[in-house]
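*Asks:* Pasted the sequence and its predicted model underneath.
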Amino acid sequence: MSLKTEDILNYHIGGKIGMRTTKKLTGPADLSLAYTPGVAVAVKEIARDREGLFRYTAKNNLVAVVSDGTAILGLGDLGAEASIPVMEGKAVLFKAFGDVDGWSVPVNHCRMDGKNTGKTDPRRVIDTVMAIAPMYGGINLEDIAAPACFEIEDQLDAMLDIPVFHDDQWGTAVITLAAAMNYCHLSARSLGELKIVINGAGAAGMRICEMLKAAGARTVMLCDTKGVIRTDRTDLTGKKKEHAFKTTDSTLSDAMKGAHMFIGVSAANCLKPADVLSMAAYPAIFAMANPDPEIKPEDVAATLGKKPYIMATGRSDYPNQVNNVLGFPFIFRGALDVRARTISLPMKVAAAEALAALARKPVPAEVTRLYGTNLEFGPGYIIPKPFDRRLFVEVPAAVAQAAVASGAAPKCDLSGYRAALLERDRTRNFLK
């Protein structure tokens with residue numbers, strides 16, 4: 001699909017989000033309930049018992065989409081103000097797919113030099129989010145550059161009693177894990193026996209590595225711009241040091257020899273046809289750099305010919321798009337519904353498992369008609385499509401169950417939760 005600049009800008013005129021009221025205001029009686037004097041009753045109830053926050057305000061379904069604009073899409077550090085269209089877009093996706101109310105919160109006073117661009121000061125971002133947190137049931141961090149994003153998420157998650165989720169780290173990781181699980185299903189291999197190479201050691205690459213290991217992967221090699229992140233490198237700090245691999249391989253090409261899976265969250269055209277040829281039989285190539293992948297699907301097809309392989313990208317114009325919208329709206333739906341205090345690793349793995357399982361089921365006719373192509377589990381279809389309404393039930397149900405089981409949420413009876421999601425899906429204005 002070709003997009004024209006004029007059409008894109010026209011679409012964004014006036015912004016993409018606005019407020020809607022959930023209660024009627026048609027006369028003096030409603031005004032007295034909504035504001036003075038009636039509102040004082042709700043105020044005193046919340047002051048008496050903090051649980052009232054979740055009952056008498058919008059907090060239980062409201063997520064702040066927070067960014068300082070240091071890592072906007074593939075555009076880099078353009079400042080908080082320039083990040084607003086992305087944050088508004090995220091809020092639209094939250095509502096349309098997960099029925100979660102999201103609100104964009106750009107913060108441009110979080111830089112060490114006081115300017116609108118430059119290195120993030122984690123402490124100031126943390127203080128800002130802590131200050132606004134009372135209104136929100138969850139915090140979605142977005143487009144904050146590494147390594148500051150790790151410290152910001154970790155500290156906020158520890159300090160707040162509501163879910164904190166940096167989508168650039170974990171969203172891509174959840175969807176990638178789902179794709180990896182179904183690659184294993186098709187190739188008759190287990191995660192534990194795969195040799196996996198990840199190119200790109202930023203926020204997404206690090207968390208993909210952690211997710212794969214949590215799910216059972218044992219041989220995961222990370223590469224950055226200097227090559228393989230090895231235990232004998234003396235320039236490693238932080239999370240790179242945590243995930244260094246003991247090997248004699250030095251370059252990306254070295255690491256690719258015999259690899260079963262390549263995961264790219266790096267830069268365009270950095271993977272060569274010769275690297276693909278050196279991989280194990282029936283390889284998986286997940287080239288997810290946007291807008292241009294690490295290697296073009298056409299080049300992989302020309303290189304491997306009729307040999308079996310699986311290809312995924314971050315683009316919508318190729319099969320198997322690794323799209324974060326498959327994750328964050330539904331993960332937060334499940335987390336909010338059980339009042340989870342955090343989004344634990346078991347909750348993220350559960351989301352990936354639910355996505356993988358859904359892709360193996362027959363696709364509803366309306367989804368097939370929407371995409372205009374045959375969608376049947378196999379090399380060209382290993383993860384669900386975003387417009388599959390079943391996501392609204394399957395992923396939140398799995399996340400909620402994992403939240404309670406892992407202790408991330410209070411013990412509660414989930415026996416009727418799937419039915420409640422089905423009913424909510426039936427009555428909501430899906431994608432309106």
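*Replies:* Thanks, I have it.
*Asks:* what about the strands in the stretch 51-200 of the chain?
*Replies:* Taking DSSP state E, counting those that start in this stretch as the criterion, the stretch 51-200 of the chain carries its strands at 62-67, 101-106, 138-141, 164-166, 195-199.
*Asks:* ok, Pro163 - how many residues close by?
*Replies:* Around Pro163 sit 27 other residues, with neighbours defined as other CB atoms under 10 Å. For every residue, glycine as well, the C-beta is placed using N, CA and C.
*Asks:* Ala148 now?
*Replies:* Neighbour tally, Ala148, other CB under 10 Å: 22.
*Asks:* tell me the secondary structure for Leu222?
*Replies:* Here Leu222 is recorded as strand under DSSP: H, G, I helix; E, B strand; the rest coil.
*Asks:* who's in contact with it?
*Replies:* For Leu222, the contact set (CB atoms under 8 Å, 6 or more residues apart in numbering) comprises Ile198, Ala201, Gly205, Met206, Cys209, Val228, Ile229, Lys240, His243, Ala244, Phe245.
*Asks:* Apply 10 Å and report the result again.
*Replies:* 196-201, 205-206, 208-209, 228-230, 239-240, 242-245, 255, 263 (CB atoms under 10 Å, 6 or more residues apart in numbering).
*Asks:* what does Pro379 give?
*Replies:* Shown in contact with Pro379 (CB under 10 Å, 6+ apart): 182-183, 186-187, 282, 284, 308-312, 319-320.
*Asks:* care to break the chain down by domain?
*Replies:* Domain assignment for the chain, taken from automatic domain parsing, gives 5-162, 167-432.
*Asks:* for this structure, what are the low-confidence residue spans?
*Replies:* 1, 109-117, 430-432 (pLDDT under 70).
*Asks:* Give me the most central residue, it.
*Replies:* What sits nearest the mean C-alpha location of the chain, by CA atoms, centre = their mean, is Gly171, with 1.8 Å.
*Asks:* Quick one: residues contacting that residue.
*Replies:* So Gly171 contacts 140, 142, 165, 204, 207, 322-328, 331, 348, 351 (CB under 10 Å, 6+ apart).
*Asks:* Out of the residues you listed, give me the one that has the most neighbours.
*Replies:* Using other CB under 10 Å as the neighbour criterion, Ile331 leads the contacts of Gly171 with 32 neighbours.
*Asks:* Double-check that one against Ala350; I have them as touching.
*Replies:* Yes. Counting by CB atoms under 10 Å, Ala350 is a contact partner of Ile331 at 9.2 Å.
*Asks:* Where helices are concerned, which of the contacts of Pro379 count?
*Replies:* Counted as lying in helices by DSSP state H, out of these, are Asn182, Tyr183, Leu186, Ser187.
*Asks:* Make a markdown table from those and add distance to Lys361 and neighbour count to it.
*Replies:* Below are those laid out as a markdown table (distance: CB to CB, whole Å; neighbours: other CB atoms under 10 Å):
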| residue | distance to Lys361 | neighbour count |
| --- | --- | --- |
| Asn182 | 12 | 24 |
| Tyr183 | 17 | 25 |
| Leu186 | 15 | 16 |
| Ser187 | 20 | 20 |
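*Asks:* between those, which is closest to Val404?
*Replies:* The nearest member of the ones in helices among the contacts of Pro379 to Val404, counting by CB to CB, is Asn182 at 26.2 Å.
*Asks:* in the stretch 201-350 of the chain, which spans are helices?
*Replies:* 203-214, 238-242, 252-256, 273-277, 297-304, 328-337, 345-359 (DSSP state H, counting those that start in this stretch).
*Asks:* and these, which is most packed in?
*Replies:* Ranked by mean neighbour count, the helices of the stretch 201-350 of the chain are led by helix 328-337 with a mean of 28 (mean count of other CB atoms under 10 Å).
*Asks:* any idea of the angle that one forms with helix 345-359?
*Replies:* Angle, helix 328-337 to helix 345-359, by axes from the mean of the first three to the mean of the last three CA atoms, to 10 degrees: 130 degrees.
*Asks:* For the closest residue in space to the residue nearest to the centre of the chain that isn't next to it in sequence, which residues are in contact?
*Replies:* Residue nearest to Gly171 in three dimensions, not counting chain neighbours: Asn324, with 3.6 Å by CB to CB, 6 or more residues apart in numbering. Contact partners of Asn324, counting by CB under 10 Å, 6+ apart, are 90, 93, 142, 167-168, 170-175, 204, 314, 386.
*Asks:* ok, Arg390 - how many residues close by?
*Replies:* Arg390 has 16 nearby residues by other CB under 10 Å.
*Asks:* From Leu421, how far off is it?
*Replies:* 10 Å (CB to CB, to the nearest Å).
*Asks:* And for Tyr136?
*Replies:* Distance from Tyr136 to Leu421, by CB to CB: 22 Å.
*Asks:* do the same with Met311
*Replies:* Applying CB to CB, the value for Met311 to Leu421 is 33 Å.
*Asks:* Also Val395?
*Replies:* 10 Å.
*Asks:* of those two, who's got more company?
*Replies:* Neighbours were counted for Val395 and for Leu421 using other CB under 10 Å; Val395 has more, 30 against 22.
*Asks:* That one reaches Ile331, doesn't it?
*Replies:* Yes. Val395 is in contact with Ile331 according to CB under 10 Å; the separation is 6.8 Å.
*Asks:* Between these two, which contacts overlap?
*Replies:* Taking CB under 10 Å, 6+ apart as the criterion, Val395 and Ile331 both touch Gly98, Val174, Ala350, Ala351, Ala354.
*Asks:* Please list all residues in contact with the third one.
*Replies:* Ala350 sits next to 174, 331, 334, 344, 395, 397-403, 405-406 when contact means CB under 10 Å, 6+ apart.
*Asks:* change it to 7 Å
*Replies:* Ala398, Val399, Gln401, Ala402 (CB atoms under 7 Å, 6 or more residues apart in numbering).
*Asks:* Burial check on the second one, number of neighbours?
*Replies:* Per other CB under 10 Å, the neighbour tally for Val399 reads 33.
*Asks:* Regarding it, what is its secondary structure?
*Replies:* helix.
*Asks:* contacting residues around stretch 281-294?
*Replies:* Under the contact criterion CB under 7 Å, 6+ apart, stretch 281-294 has outside partners 74, 176, 179, 183, 187, 199, 260-271, 276, 295, 300, 308-315, 322.
*Asks:* do the same with stretch 391-411
*Replies:* So stretch 391-411 is in contact with 326, 330-331, 333-335, 337-342, 344, 346-347, 350-351, 353-355, 358, 384, 412, 414, 417-418, 421-422, 425, going by CB under 7 Å, 6+ apart.
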